[in-house]
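In: Take a look and give me a structure for this.
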Amino acid sequence: MRYRNRIKLAPGLNINLSKSGISTTLGPKGASVNIGKTGAYLNTGIPGTGLYNRTKISKSEKSTINSNSASKNQTQVGVKLDLNEDYQPIVEIYDNNGENITSQQTINKLKRTPEYKENLKKIYKRYYNLIIEETTEFTDLYKHILKPITKKEIQDEIEKLKPQKYAKKRFDILKPSKFSIEKELLKEAKSKFNSILFWKNKKKRTQFIADNLETELKKSLENWKTKKENFENSEQTKEKDKNINYHKSFEREKENLIGNLNATEFYVLNNFETVLNEIDIKPEFFIDFEYDEKNKTFLIDLDLPEIEHLPKETASILQSGKISVKKKSEKQLKKEYAECVTGLGLLVAGISFMASAGIENVEISAYTQRIDKKDGQTKDDYIYSIQLDRENFSKINYPKIDPVNAFQNFNNKMELSKSFIFKTIAI
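Out: Residues are numbered from 1 along each chain as shown. Model prediction:
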């Protein structure tokens with residue numbers, strides 16, 4: 001079965017667990033090796049903690065740390081701690097020229113510092129978290145499901161919806177008065193009449209103000225009125241244009257809400273594809289779908305990820321603080337694959353219900369690619385189908401469930417053995 005719409009969901013940017021890419025640095029920027037008459041000392045600290053350690057690493061000035069540094073008081077060094085392909089610690093010490101300091105005595109001294117041991121534990125924990133996270137990115141897909149919005153919530157939004165109104169600004173320039181004009185004229189008069197014969201200045205300034213007051217007041221009032229009129233006309237135009245745009249936005253939003261409520265085909269398909277293209281999950285999968293507007297039902301064919309895509313390693317932290325990394329058993333891989341593909345089905349159903357409050361049902365048929373033992377050709381094998389109704393779907397607390405067992409809440413067809421092997425089903 002194939003429906004007429006198809007979307008490929010490729011994984012987004014994911015953390016790449018690179019054995020050479022995860023590291024930490026011992027000591028703050030500018031950690032140093034001090035060389036003096038009493039020997040060489042390695043100074044290390046843990047950034048942000050205030051902890052600091054000074055460790056003697058040689059007995060004399062003839063230290064092998066850096067043969068060129070004996071004449072200097074201080075050599076800047078960096079210390080890099082990482083894990084190799086077998087998850088064993090590797091240490092690199094290098095000077096400010098990028099040259100490696102390879103003295104085994106120096107490295108052994110460093111390994112005995114409390115800071116080294118503490119940071120090594122942090123690196124073990126970081127690798128552990130990354131390994132576990134790589135698996136949960138496949139097995140915990142159902143935990144991303146959001147509770148679908150209800151019709152009542154949409155109706156409440158429609159009732160509360162109102163177009164925004166533009167609030168015109170007030171013209172805040174004060175109207176000119178005789179007093180304000182007199183103050184301005186007085187400033188000008190003081191600049192004009194500042195003779196050393198100061199007793200004459202007052203009379204001239206008073207006369208200047210009297211001669212110009214009425215003219216300047218009239219001119220200022222006319223300028224003020226023109227500015228006020230221009231400002232108010234501009235605000236009226238802005239109010240009209242803004243309110244037209246606000247009303248258009250209001251109509252669009254209302255139309256979307258009504259489309260959401262009524263689950264119209266145009267609204268549902270646009271919304272569904274938008275949400276699908278925005279999700280960022282690890283597994284790659286394909287969806288073929290159609291929407292039955294009459295019955296408010298999504299019909300989905302789900303091309304599942306393959307078991308080969310799941311991470312093959314698991315990890316634990318030992319009592320000593322070290323990391324233990326092992327290959328997963330076949331049974332564990334199959335169990336995790338069952339959680340992945342059923343969780344993916346539930347997630348896709350959740351996205352479908354989110355596309356519209358009016359969608360009542362989602363029907364999913366999921367298949368994987370297998371080798372046909374008769375002819376050796378790859379073919380699509382359906383391994384489950386499930387019919388989900390909105391009411392029961394909304395009642396489930398998804399972060400707390402087992403996705404395989406959650407299928408029992410709905411009408412489904414799935415044959416999964418106790419060893420987590422999916423049998424082919426007829427559709």
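In: is it fair to say residue 287 lies in a strand?
Out: Yes: assessed with DSSP: H, G, I helix; E, B strand; the rest coil, residue 287 lies in a strand.
In: Would you confirm that it contacts residue 299?
Out: No: counting by Cβ atoms under 8 Å, residue 287 does not reach residue 299; the two are 10.8 Å apart. In this view, the C-beta of every residue, glycine as well, is placed from N, C-alpha and C.
In: Those two: who's more crowded?
Out: Using other Cβ atoms under 10 Å, the more surrounded residue of residue 287 and residue 299 is residue 287, with 21 against 18.
In: Tell me what that one is bridged to.
Out: For residue 287, the beta-bridge partners under DSSP bridges are residue 7, residue 302.
In: From residue 384, how far out is it?
Out: For residue 287, the distance to residue 384 equals 15 Å [Cβ to Cβ, to the nearest Å].
In: How far away from the center of its chain is the lengthiest helix in the chain?
Out: In the chain, ranked by residue count with DSSP state H as the criterion, the top helix is helix 198-262. Relative to its parent chain, helix 198-262 has a centroid offset of 44 Å by Cα atoms, centre = their mean, to the nearest Å.
In: helix or strand right after that helix?
Out: Remark: after helix 198-262, the chain's next helix or strand is helix 265-278, criterion DSSP states H and E.
In: So for stretch 320-337, what gets flagged as buried?
Out: Buried positions in stretch 320-337, judged by neighbour count with 16 or more other Cβ atoms under 10 Å: 323, 328, 333, 334, 335, 336, 337.
In: what's the closest non-adjacent residue to the second one?
Out: Read that as residue 328. With sequence-adjacent residues excluded and distances taken as Cβ to Cβ, 6 or more residues apart in numbering, residue 328 is closest to residue 314, at 5.2 Å.
In: same question, the first one
Out: Take residue 323 and drop its neighbours on the chain: the residue closest to it by Cβ to Cβ, 6+ apart is residue 124, 4.2 Å away.
In: helix, strand or coil for that neighbour?
Out: Strictly by three-state DSSP, residue 124 counts as helix.
In: Would you map the strands across the stretch 51-200 of the chain?
Out: Using DSSP state E, counting those that start in this stretch, the strands of the stretch 51-200 of the chain run over 52-56, 74-83, 89-95.
In: pLDDT on the shortest one, on average?
Out: Mean pLDDT, strand 52-56: 47.
In: Next: the longest one.
Out: Within the predicted structure, the mean pLDDT of strand 74-83 is 72.
In: Okay, the residue nearest the centre of the chain and residue 300: tell me how far apart.
Out: Centroid-nearest residue in the chain: residue 280, 10.0 Å away (criterion: Cα atoms, centre = their mean). Counting by Cβ to Cβ, the gap from residue 280 to residue 300 is 20 Å.
In: which residues in this protein form helices?
Out: 104-111, 114-139, 151-160, 178-192, 198-262, 265-278, 330-354, 390-395, 403-406.
In: can you list the weak-confidence ranges in the stretch 251-400 of the chain?
Out: Along the stretch 251-400 of the chain, segments meeting pLDDT under 70 are nowhere present.
In: Go again with 80.
Out: In the predicted model, the stretch 251-400 of the chain carries pLDDT under 80 at residues 372-374.
In: What are the structural domain limits within the protein?
Out: 27-112, 153-253, 264-414 (automatic domain parsing).
In: Run the chain-centre distance for the last one.
Out: Relative to its parent chain, domain 264-414 has a centroid offset of 23 Å by Cα atoms, centre = their mean.
In: Give me the neighbour count for residue 346.
Out: Counted with other Cβ under 10 Å, residue 346 comes out at 27.
In: The one 4 residues further on too?
Out: Around residue 350 sit 24 other residues, with neighbours defined as other Cβ under 10 Å.
In: before we move on, what about residue 127?
Out: Residue 127, neighbours per other Cβ under 10 Å, totals 20.
In: Is it correct that residue 175 is in contact with residue 222?
Out: No: using Cβ under 8 Å, residue 175 makes no contact with residue 222, being 11.8 Å away.
In: Could you measure from the closest residue to residue 143 other than its chain neighbours over to residue 145?
Out: Nearest in space to residue 143, with sequence neighbours left out and distances taken as Cβ to Cβ, 6+ apart, is residue 399 at 5.1 Å. Residue 399 is 8 Å from residue 145, where distance means Cβ to Cβ.
In: and the two? which has more neighbours close in?
Out: Taking other Cβ under 10 Å, residue 399 and residue 145 do not tie; residue 145 has more neighbours (22 against 10).
In: wait, residue 164 sits on residue 248?
Out: No: counting by Cβ under 8 Å, residue 164 sits too far from residue 248 to count as a contact (10.9 Å).
In: distance of residue 120 from residue 305?
Out: Separation of residue 120 from residue 305 (Cβ to Cβ): 35 Å.
In: which phi and psi does the nearest residue to residue 243 once chain neighbours are set aside have?
Out: Using Cβ to Cβ, 6+ apart and skipping residues adjacent in sequence, the residue nearest residue 243 is residue 166, 5.4 Å away. Here is the backbone geometry of residue 166 (degrees, to the nearest 10): phi -80, psi 130.
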